[in-house]
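*Asks:* got a predicted model here, sequence first, then my questions.
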Amino acid sequence: MKKNDAIAIVFDDHLLFADSFSALIERLELFKSVHTFSEERELTHFLIKHHQTPIYLFLDYYLKQKNGLPLINEARRLNKNITIIIMSSVISPTAITNILSYSPEGFVSKSSGFNTILECLTTISEGEQYISPTISEIVLNSNLTKKLLFSARELDVLQYFARGLSIAQTAEQTHLSKHTIVAHRRKMMAKVNVNSITELLSYAREQELI
């Protein structure tokens, strides 16, 4: 991968890792600039300001009281030139299936080394998805043939319900109508044969979807 005009963003609420990884990215000298954010509002404002700029977003999966997956759809909505690379220590096959359903351009284990990051960026620049060896091994050694019941959009809605947001608040956050949110909730409950949002969230937690 040659140096280009793209901007790199590291989004992680563990500041020590974020700062260290940002320094590593800067050493590659592949990006116009490298930025570190830990607050969703800061990231959103930056993406809006640079909505036409090619951006590589290195996104942590585990964030405070939630996971980072809803940010994928939001980031793609705000910047059509964004490349999403999930950086995570996740080892749960269910969580990995969940992450892959969002089709990130890259999925790298936090236990990876410097060469893996280079390999990831090179593979993505060639138009292919990159999954690091550690993640690939978990996929190969696990039974991930069972199709995920919920769509990426439904999983997105689930994240907001898990945070205690109302239907109206979830509609506002996802830029969907309240009727659409209600329809998503009804479909998800029917898929797992539960009768309340409490039961739905309990199922989602058991399956490590939220």
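*Replies:* Looks like it arrived, so ask away.

*Asks:* could you point out the helix or strand that follows the lowest-mean-pLDDT helix or strand in the chain?
*Replies:* The helix or strand of the chain with the lowest confidence, counting by mean pLDDT, DSSP states H and E, is strand 66-67 at a mean of 71. Following strand 66-67 in sequence order, the next helix or strand is helix 69-78 (DSSP states H and E).

*Asks:* so who does the residue positioned nearest the centre of the chain touch?
*Replies:* Nearest to the geometric centre of the chain sits residue 69, at 3.4 Å (Cα atoms, centre = their mean). Remark: with contacts taken as Cβ atoms under 8 Å, 6 or more residues apart in numbering, residue 69 is in contact with 61, 98-99, 102, 155-156, 159. All C-beta spots, glycine's among them, are computed from the backbone N, C-alpha and C.

*Asks:* just put those residues in CSV and tack on secondary structure.
*Replies:* Formatted as CSV, the contacts of residue 69 follow (DSSP: H, G, I helix; E, B strand; the rest coil):
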residue, secondary structure
61, coil
98, helix
99, helix
102, coil
155, helix
156, helix
159, helix
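
*Asks:* which two of these have the greatest separation?
*Replies:* By the measure Cβ to Cβ, 61 and 156 form the most distant pair in the contacts of residue 69, at 14.3 Å.

*Asks:* residue ranges with poor pLDDT in the chain?
*Replies:* Residues of the chain meeting the criterion pLDDT under 70: 1-3, 65-66, 143-148.

*Asks:* quickly find the element holding residue 137.
*Replies:* Per DSSP H and E: helix 133-140 holds residue 137.

*Asks:* again with residue 171
*Replies:* Going by DSSP H and E, residue 171 is in helix 167-174.

*Asks:* only the buried residues of that helix, if you could.
*Replies:* 167, 170-171, 173-174 (16 or more other Cβ atoms under 10 Å).

*Asks:* and the chain, what are its domains?
*Replies:* With automatic domain parsing as the criterion, the domains of the chain are listed as 7-140, 152-206.

*Asks:* nearest to residue 14, of the contacts of residue 69?
*Replies:* Distances from residue 14 to these, taken by Cβ to Cβ, are shortest for residue 61, at 11.7 Å.

*Asks:* ok, now which ones touch that closest one?
*Replies:* Contacts of residue 61 (Cβ under 8 Å, 6+ apart): 67-69, 86-88, 90, 95, 99.

*Asks:* what about the helices in the protein?
*Replies:* Counting by DSSP state H, residue ranges of the helices within the chain are 15-28, 40-49, 69-78, 93-100, 114-125, 133-140, 152-162, 167-174, 178-191, 197-206.

*Asks:* out of those helices, nearest to residue 106?
*Replies:* Of all the helices of the chain, helix 114-125 sits nearest to residue 106, with 4.8 Å by Cβ to Cβ.
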